[in-house]
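Q: take this sequence and fold it.
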Amino acid sequence: MFVSGPSDTFVKRNPHTHPDFFAAEATGLHWLGEAGAPVVRVSGYGPTHIELERLIAAHPTQPAARRFGEALARMHNGGADGFGAPPVGSDGAPFPGRLFIGARPMSNSVHRTWGEFYAAGRVLPFLRIAVDAGTVTPTEAATVESACRRVAGGDFDDAEPPSRIHGDLWSGNVFWTEEGVVMIDPAAHGGHRETDLAMLALFGCPLLEDIVDGYETVHPLRAGWRDRIPLHQLHPLAVHAAGHGRPYGVALHTAAMALERI
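A: Below you'll find the model as predicted:
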């Protein structure tokens with residue numbers, strides 16, 4: 001439920017949500033902003049609401065896209081305490097509650113390697129929900145599970161340290177203003193920086209190539225990152241398959257099959 005606040009703020013309110021939901025959002029925004037990310041300002045929050053800076057939409061521009069890419073790279077470079085680590089609050093302590101992506105709970109367990117974390121904490125839990133919902137067939141699920149065994153086994157691990165990522169950086173959470181991009185609605189955690197870029201590609205973020213160009217001036221991407229986009233889209237596609245219908249189950253299966261070529 002969305003409710004207008006004073007003229008300079010916007011209130012999201014839901015009396016039925018989990019008591020950690022808005023606190024997780026506020027903590028995630030603080031943590032990302034602490035690393036220099038352009039995030040929406042939080043005016044206050046409680047168990048059933050969060051009050052945010054009111055943003056005025058503007059058209060995307062190439063300079064704004066490049067600045068956003070630069071800021072995104074700096075945010076990733078801010079690091080995290082581990083793969084799957086929760087955001088850290090203003091008190092310096094890791095968020096102790098439940099994390100979310102959209103309205104769905106998300107694991108906050110920390111793992112030794114990225115592949116282990118990504119398979120066990122981000123893809124498989126949502127795959128099981130999707131199978132139960134009938135949006136992924138048992139045959140498709142077997143392909144995804146086979147891909148996850150490779151992921152968990154370290155086939156795609158590299159020397160990248162845990163990055164401080166937004167975690168749900170689809171185009172709808174990239175808000176263009178006259179001052180530049182502002183990020184909203186994070187599912188912040190310690191992950192792989194390529195995941196945020198794959199999210200931007202999933203639903204067609206405007207001026208994505210300019211964003212990438214700006215990003216690489218700060219922290220160049222590892223060779224072959226475009227080939228790994230399907231890998232990093234397994235999580236959001238599994239989440240969408242769990243709650244948004246059969247087409248996402250098909251897309252999840254297609255992404256899993258693409259890993260066979262990597």
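
Q: which ones are touching the nearest residue to residue 75 once chain neighbours are set aside?
A: Leaving aside its chain neighbours, residue 75 sits nearest to residue 37 (3.9 Å; criterion: Cβ to Cβ, 6 or more residues apart in numbering). In this view, the C-beta of every residue, glycine as well, is placed from N, C-alpha and C. Counting by Cβ atoms under 8 Å, 6 or more residues apart in numbering, residue 37 touches 71, 72, 74, 75, 166, 183.

Q: among the residues you listed, which are in strands?
A: residue 183 (DSSP state E).

Q: so where do the helices sit in the stretch 101-250 of the chain?
A: 114-117, 124-133, 138-152, 193-202, 208-218, 229-243, 246-258 (DSSP state H, counting those that start in this stretch).

Q: count the residues that sit near the nearest residue to residue 54 once chain neighbours are set aside.
A: Nearest non-adjacent residue to residue 54, counting by Cβ to Cβ, 6+ apart: residue 10, 4.7 Å away. By other Cβ atoms under 10 Å, the residues close to residue 10 number 19.

Q: my guess is residue 10 contacts residue 51, does it?
A: Yes: in this structure, residue 10 is within contact of residue 51 by Cβ atoms under 8 Å, at 7.3 Å.

Q: remind me which residues of this structure are low pLDDT?
A: 1-6 (pLDDT under 70).

Q: spatially central residue for it, please.
A: Nearest to the geometric centre of the chain sits residue 167, at 1.5 Å (Cα atoms, centre = their mean).

Q: check contacts around the closest residue to it other than its chain neighbours.
A: Sequence neighbours aside, residue 187 is the residue nearest to residue 167 in space, at 3.6 Å (criterion: Cβ to Cβ, 6+ apart). Contacts here follow Cβ under 8 Å, 6+ apart; on that basis residue 187 touches 28, 99, 100, 101, 102, 106, 166, 167, 168.

Q: swap in 6 Å and give it another go.
A: For residue 187, the contact set (Cβ atoms under 6 Å, 6 or more residues apart in numbering) comprises 101, 167, 168.

Q: so how many other residues sit close to residue 162?
A: Counted with other Cβ under 10 Å, residue 162 comes out at 22.

Q: wait, residue 239
A: With other Cβ under 10 Å as criterion, residue 239 counts 25.

Q: ok, now residue 207?
A: Residue 207: 21 neighbours (other Cβ under 10 Å).

Q: got it, and the one 3 residues further on?
A: Each residue near residue 210 was counted by other Cβ under 10 Å, and the total is 19.

Q: one more: the one 10 residues further on?
A: Using other Cβ under 10 Å, residue 220 has 10 other residues around it.

Q: same question, residue 29
A: 25.

Q: please apply the same query to residue 147.
A: With other Cβ under 10 Å as criterion, residue 147 counts 26.
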